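> Show me how the following folds:
(chains A, B and C)
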Amino acid sequence: MPELPEVETVRRSLLPVILHKPIESVEVHYERILQHITPQEFQARLTGLRFLDLTRRGKYLIFHLERELELVAHLRMTGRLIYCSDSAIAQAKHTSVIFGFGSAGDLRFEDVRKFATLDLVKIGEYEQIKGLAKLGVEPLAEEFTVQFLQEITVNRSATIKGILLDQSKIAGLGNIYADESLFLAKIHPERTGNSLQKKELKRLHQAIQKVLGLAIEGQGTTLRDYRTGFGQEGSFQNELQVYGKKGEKCPRCGVDLEHKKVAGRTSHYCPTCQRE
DNA sequence: AAAACCGCCTGTCGGC
DNA sequence: TGCCGACAGGCGGTTT
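Now for the predicted structure:
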């Protein structure tokens, strides 16, 4: 699923091909992708505008446009944003929106499960986008420190897995990278926040940054649906240590990997390396 | 206040 | 082989 590394990869791939291109047409094929705006108004406000920049916050992509507008996209589970240089190429079955650039191709928002969203707002006005308004720190930024990890775990009875998935604390971790980070840090997903020692938080801090960095280098993890902005698969699925590997051997100690529901999510771990 | 649960969707998979 | 329920998981909203 698209988590921080996947969304960052989409951002990097799309930015150079959409920059300064004027939107000549907007086709909405699935209305409910639009939040707080009708297809008619969405189309009317966007047509003719150019893209000025493309940034990311957590798992949100923010397209900066002329007239101080921002188009905010969230891919949820199966969303894809793909630039197609030839508009004549047939669209995919589950295409929700197409931004046309005339002879310069188009940008297609595809989404099998239809959970993805699009918002159009004035610069920085995110009140209507609840998740974005309450988003926590960027895990690859300087503000993300061991001290910060301590602040969000101390006195907390919730599991560390649940805390890592809470977007209002850390922005961008999902099920895959939470599990991979905990494995690397040798911490069991069910450990409670208040049970974690300083040295474990240091390991976790380092693990999160390492895993995210390597996943971005690998252009993300394609298990099924995720694609880059050019429609290509990522490669980090080949580097996963535990996610989706129940029954396989732990790459560190050789014991059979296990999985169980933690904080409502299937969580993969090594019962030996990650003690309860 | 925090945590648990449900709904939103479609495709895939395992069991019978 | 085909049917059917379980499952995948991010987030908003509601309930506990």
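
> how about the residue in the stretch 1-150 of chain A that DNA strand C sits nearest to, secondary structure?
When distances are taken as C-beta to the nearest atom of the strand, the stretch 1-150 of chain A reaches nearest to DNA strand C at A:G131, 2.3 Å away. Just so you know, the C-beta spots here come from the backbone N, C-alpha and C atoms, and that holds for glycine as well. State at A:G131, reduced to three classes by DSSP: H, G, I helix; E, B strand; the rest coil: helix.

> list the buried ones in stretch A:216-226?
Neighbour counts over stretch A:216-226 (16 or more other C-beta atoms under 10 Å) mark A:216, A:218-222, A:225-226 as buried.

> Actually, stretch A:5-12.
Buried residues in stretch A:5-12 (16+ other C-beta under 10 Å): A:5-11.

> Name the residue of chain A that lies nearest to DNA strand B.
Closest point on chain A to DNA strand B, by C-beta to the nearest atom of the strand, is A:A158, at 2.9 Å.

> for the closest residue to that residue other than its chain neighbours, what are its contacts?
Setting aside the residues directly before and after it, A:A158 is nearest to A:G193 in space (C-beta to C-beta, 6 or more residues apart in numbering), at 5.8 Å. A:G193 sits next to A:152-160, A:163 when contact means C-beta atoms under 8 Å, 6 or more residues apart in numbering.

> ranking these by neighbours, who comes first?
When neighbours are counted by other C-beta atoms under 10 Å, A:I160 leads the contacts of A:G193 with 30 neighbours.

> Now for it: which residues touch it?
A:I160 neighbours (C-beta under 8 Å, 6+ apart): A:153, A:182, A:187, A:189-193, A:196, A:204.

> give me that answer again for 10 Å
With contact set as C-beta atoms under 10 Å, 6 or more residues apart in numbering, A:I160 has these partners: A:149, A:152-153, A:178, A:181-182, A:185, A:187-196, A:200-201, A:204, A:262-263.
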